[in-house]
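Engineer: Quick one, fold the following:
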Amino acid sequence: MLFALAPAVLAALISACITWQSMPLLQRYALARPNARSSHRIPTPQGAGIAVIAATLLVAAAWTYGAIPLALIGSAVLIAMVGLVDDIRPLPVLLRLVLQAAAVAAVVFTAPETARIVPALPFALERGLILLAGIWFV
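Structural biologist: Down below sits the predicted model:
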């Protein structure tokens, strides 16, 4: 049981270290200013999601001996970079949606044909629904 939790604990520790190291940079360039909908009263640094993605990919690559599909790595990095840029300088909604949809599509359409969720559905319909669900989730 403890061995199964080791990757998550290791990724959390690495993420915490990266966040701690990058905090001065985030405070300088990626502050969320409070507004009427904010739950905070003072400017709060944002952008630490990149630390979570970096730590997760690092640990996953080490734990799986690098057997992570390239499309998955590229898509995770793309979504993280879009979020980071948007934290520093807000991006138009349509641009964010298109970039995130492209990342989801890269993962969905590079998955092997044998990776099916509902084999009774036609393949194209199943992949289309998975794409729609992935975009909705992101």
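Engineer: where's the helix or strand of the chain at the bottom of the mean pLDDT ranking relative to the chain centroid, distance-wise?
Structural biologist: Lowest on mean pLDDT, DSSP states H and E among the helices and strands of the chain sits strand 31-32, with a mean of 81. Relative to its chain's centre, strand 31-32 lies at 20 Å (Cα atoms, centre = their mean, to the nearest Å).
Engineer: same deal with stretch 10-23?
Structural biologist: 16 Å.
Engineer: quick one: buried residues of that stretch?
Structural biologist: 11, 14-15, 18-19, 22 (16 or more other Cβ atoms under 10 Å). All C-beta atoms are positioned from the backbone trio N, CA, C, and that covers glycine.
Engineer: ok, so what distance separates Ser75 from Met81?
Structural biologist: 11 Å (Cβ to Cβ, to the nearest Å).
Engineer: Just the strands from the chain, written as ranges.
Structural biologist: Secondary structure of the chain (DSSP state E): strands at 31-32, 44-45.
Engineer: To Ala105, which of the ones you listed lies closest?
Structural biologist: strand 31-32 (29.5 Å; Cβ to Cβ).
Engineer: elements contacting the closest one?
Structural biologist: Under the contact definition 3 or more Cβ pairs under 8 Å, 6 or more residues apart in numbering; DSSP states H and E, strand 31-32 sits against strand 44-45.
Engineer: Understood, closing this out.
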